[in-house]
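Q: any chance you can model this:
(one chain, ligands or ions: 1)
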Amino acid sequence: MSHSVASAYSIEDLRLAAKGRLPRAVFDFFDGGAEDEITLRENAEVFKRCRLLPRVLSDVSTIDTAADIIGEAAKLPLAIAPLGAVDFGRAGGDIAIARAAAAAGIPYTLSTAATTSIERIADAAPGRLWFQAYILRNQPFLDALIERARIAEYEALVVTVDLPVGGKRERDLKNDFSIPFGFTRKNVLDFARHPRWLSGILRHGMPVMENVKGLDEAATSTAAIASSVGRNYDAAFNWDGLQRMRDRWPRKMLVKGILHPGDAARIADMGCDAVIVSNHGGRQLDGTVATLDALPAVVKAVEGRLQVLLDGGVRRGGDILKAIALGANGVMLGRAPLYGAAAAGEAGAARALTILKDEFIRSMQLCGVRSISEIDVKLIFGNA
Ligand SMILES: Cc1cc2nc3c(=O)[nH]c(=O)nc-3n(C[C@H](O)[C@H](O)[C@H](O)COP(=O)(O)O)c2cc1C
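A: Got it, this is the predicted structure:
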């Protein structure tokens, strides 16, 4: 295990290790959010402000973290959120995260914009796999991608609905790391200053968004393929389109990017299996409600008809406990395993999951609860 991983005790330690290894443009692409980054910060701040009211003397010598995530067993109430462009941080990054998830006994979601194909992930990672669909204007292309996920036996489809257009991410604009990507004096200097990262890129070649290769037949370079996705988001997509996807996909379906209780209730009516309360990690609309603040109303609105997962700002095991106490069935992790993988590949992604698992178990013990079903809203100060 590399020094940076062995001496990482928190997700923030892994974040700093990733920051040290990556060119600024790549780190900022992973770390940043839209516009003033209010939502990016709020997601995490709300977890910090939420106060626990623990119980004592309840024999916490044995802890069971087993969870039901959309009707199947998981070792922890966690899943990996979809992440595009991961291999720009390190070659083999998607596979590193997927394998770490399988070893930890939690589902992994592969993004449409991933740098590893649907089939390669299915071959490399033995665990539960979900495929995340971005809504593309080229519907036959998207249908074919979803069909590939079905053939490769992905357990569930995650439809991301908070991206009718891309968010305005100003760090990427300032770093010349936006679409269409082009080499400029600034980003070439940045890359050259990070020789360990650069030698990996030179050895393995520029990563490619493998799932969307062919979306634009003229696009052959890394940059052109990435740009073709950016130009292809379908801003006209609506509830009828989502219903069509629900009707065609034969397995479990989750809808990601929900904040409003009315939208959550409508998705419950459609016979989906979960809503994911998410603001895309603060990368889309800036100034939205933080996900932990949005959660209770969504939980109330769906009346137990489907599961509610949450992502955004989870950096401590205690955050997982807080989300479950406020009604989530589980939490999805975005940047936490990404920082780990960028810092140190599979060992780093695994380290991120181990850190969160250890903190989660310790938080359960210190709150006096022994299983997921014992975590309830009375553990949150102000709700007892
Ligand atoms: C670098 C990066 C790439 C992402 N790519 C996708 C994607 O392709 N599809 C998607 O639905 N969400 C994507 N997201 C959002 C995550 O799935 C998730 O909602 C978010 O990261 C959760 O917040 P957290 O990073 O604070 O855990 C991405 C996030 C990051 C940081």
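
Q: what comes into contact with the biggest strand by length in the chain?
A: Ranked by residue count, the top strand of the chain under DSSP state E comes out as strand 252-258. The contact list for strand 252-258, computed with C-beta atoms under 8 Å, 6 or more residues apart in numbering, reads 70-71, 82, 130, 132, 155-163, 242, 245-246, 264, 267, 272-280, 284, 298, 309. Quick note: C-beta positions are derived from backbone N, CA and C, even for glycine.

Q: the residue in the chain that the ligand sits nearest to: neighbour count?
A: Using C-beta to the nearest ligand atom, the point where the chain gets nearest to the ligand is G334, with a distance of 2.2 Å. Neighbourhood size, G334 [other C-beta atoms under 10 Å]: 21.

Q: hang on, it packs against L83?
A: Yes: if you go by C-beta atoms under 8 Å, G334 and L83 touch, sitting 6.2 Å apart.

Q: and the strands in the chain, which stretches?
A: Under DSSP E, the chain gives strands at 67-69, 72-74, 78-80, 108-110, 129-133, 156-160, 252-258, 274-277, 307-311, 330-333.

Q: who does the last one pair up with?
A: Each strand that pairs with strand 330-333, with its direction, by DSSP bridges: strand 78-80 (parallel), strand 307-311 (parallel).

Q: now tabulate those strands in TSV and tack on distance to T222.
A: Output for those, formatted as TSV (distance: least, C-beta to C-beta, whole Å):
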stretch	distance to T222
strand 78-80	24
strand 307-311	27
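
Q: highest mean neighbour count out of those?
A: strand 78-80 (a mean of 28; mean count of other C-beta atoms under 10 Å).

Q: distance from it to the middle of the chain?
A: Relative to its parent chain, strand 78-80 has a centroid offset of 8 Å by C-alpha atoms, centre = their mean, to the nearest Å.

Q: now do the contacts for G340.
A: Shown in contact with G340 (C-beta under 8 Å, 6+ apart): V5, A8, L14, A18, A100, G348, A349, A350, R351, A352, L353.

Q: do the same with G345
A: So G345 contacts R90, G92, G93, A96 (C-beta under 8 Å, 6+ apart).

Q: can you check the pLDDT for the last one?
A: Pointing back at A96 there. Per-residue pLDDT puts A96 at 98.

Q: once you drop chain neighbours, what's closest to it?
A: Leaving aside its sequence neighbours, A96 sits nearest to E346 (C-beta to C-beta, 6 or more residues apart in numbering; 3.9 Å).

Q: just checking, that neighbour touches A100?
A: Yes: taking contacts as C-beta under 8 Å, E346 lies within contact range of A100: 5.7 Å.

Q: the two: who's more crowded?
A: Counted by other C-beta under 10 Å, E346 and A100 do not tie: A100 has more neighbours, with 27 against 19.

Q: what number of residues lie near the closest residue to V299 other than its chain neighbours?
A: Excluding its sequence neighbours, the residue lying closest to V299 (C-beta to C-beta, 6+ apart) is G327, at 3.3 Å. Residues lying near G327 (other C-beta under 10 Å) number 19.

Q: residues contacting G327?
A: Contacts of G327 (C-beta under 8 Å, 6+ apart): L295, P296, V298, V299, K300, V308, V377.

Q: for this protein, list the residue farthest from the centre, please.
A: L57 (36.1 Å; C-alpha atoms, centre = their mean).

Q: okay, it: pLDDT?
A: 98.

Q: tell me where the model's unsure across the stretch 151-300 of the chain.
A: Scanning the stretch 151-300 of the chain for pLDDT under 70 picks out the ranges 179-180.

Q: what residues does the stretch 151-300 of the chain have near the ligand?
A: T160, K256, S278, H280, G281, R283 (C-beta under 6 Å from any ligand atom).

Q: apply 5 Å and report the result again.
A: For the stretch 151-300 of the chain, the residues in contact with the ligand (C-beta under 5 Å from any ligand atom) are T160, S278, H280, G281.

Q: just checking, the third one touches L163?
A: Yes: proximity of H280 to L163 meets the contact threshold set by C-beta under 8 Å, at 6.9 Å.

Q: okay, those two: which has more neighbours?
A: H280 (23 against 19).

Q: and V289, how far from D31?
A: 21 Å (C-beta to C-beta, to the nearest Å).

Q: so those two - more neighbours on which side?
A: D31 (20 against 17).

Q: S4: neighbour count?
A: Neighbours of S4 (other C-beta under 10 Å): 20.

Q: nothing else from me, thank you.
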